[in-house]
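[1] okay, structure incoming, though there's no sequence with it:
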C-alpha cells in the first residue's frame, strides 16, 4: 500500500482471484446461496437498502414464518435441492 496524500491511498495487488459462474442453472444456484447468506446476516442484525432477503425468499419460495423459520426452511431446501 502506497500513501499518496492525506486523503487517498493506492493499493497494489500482485494477484487477483476471480470466480466466474457460467450457465443459467449455476447462476440461479449462486443467487440462492447469496440470498441464504444475506438472510443469515439479516438474522444477525444487518440491514440493507431495498427489499430484504427475508421478503425475497418468502415471495420466491412461498415460505412462511419468522426470519429464523424462513432461514431454516431455506437451509433445508438448499440441502435437498442443491447438495443432494
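    Structure's in. What do you need? Quick caveat, the model's predicted, so the values are computed rather than measured.

[2] from residue 80, how far off is the nearest residue to residue 52 once chain neighbours are set aside?
    Excluding the flanking residues, the one nearest residue 52 by Cβ to Cβ, 6 or more residues apart in numbering is residue 42, at 6.0 Å. From N, CA and C alone the C-beta is placed, and that goes for glycine too. According to Cβ to Cβ, to the nearest Å, residue 42 stands 22 Å off from residue 80.

[3] cool, residue 28 as well?
    Taking Cβ to Cβ, one finds residue 28 at 15 Å from residue 80.

[4] one more: residue 27?
    For residue 27 relative to residue 80 (Cβ to Cβ), the value is 20 Å.

[5] now residue 50
    Distance from residue 50 to residue 80, by Cβ to Cβ: 28 Å.

[6] neighbour count winner among the two?
    residue 80 (9 against 6; other Cβ atoms under 10 Å).

[7] contacts for the helix ranked longest in the chain next, please.
    Counting by DSSP state H, the longest helix found in the chain is helix 24-43. Counting by Cβ atoms under 8 Å, 6 or more residues apart in numbering, helix 24-43 makes contact with 21, 48, 52-54, 56-57, 67-68, 70-71, 74-75, 78, 82, all of which sit outside it.

[8] pull out the buried residues from those residues.
    53-54, 57, 67, 70-71, 74, 78 (16 or more other Cβ atoms under 10 Å).

[9] what residues does the helix or strand where residue 55 lies touch?
    For residue 55, the host element (DSSP states H and E) is helix 53-61. With contact meaning Cβ under 8 Å, 6+ apart, helix 53-61 is reached by 35, 38-39, 41-42, 63-64, 67, 70, 73-74, 77.

[10] which ChimeraX command selects the buried ones in those residues?
    To isolate the buried members of the contacts of helix 53-61 in ChimeraX, using 16+ other Cβ under 10 Å:
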select :35,38,39,42,63,67,70,73,74
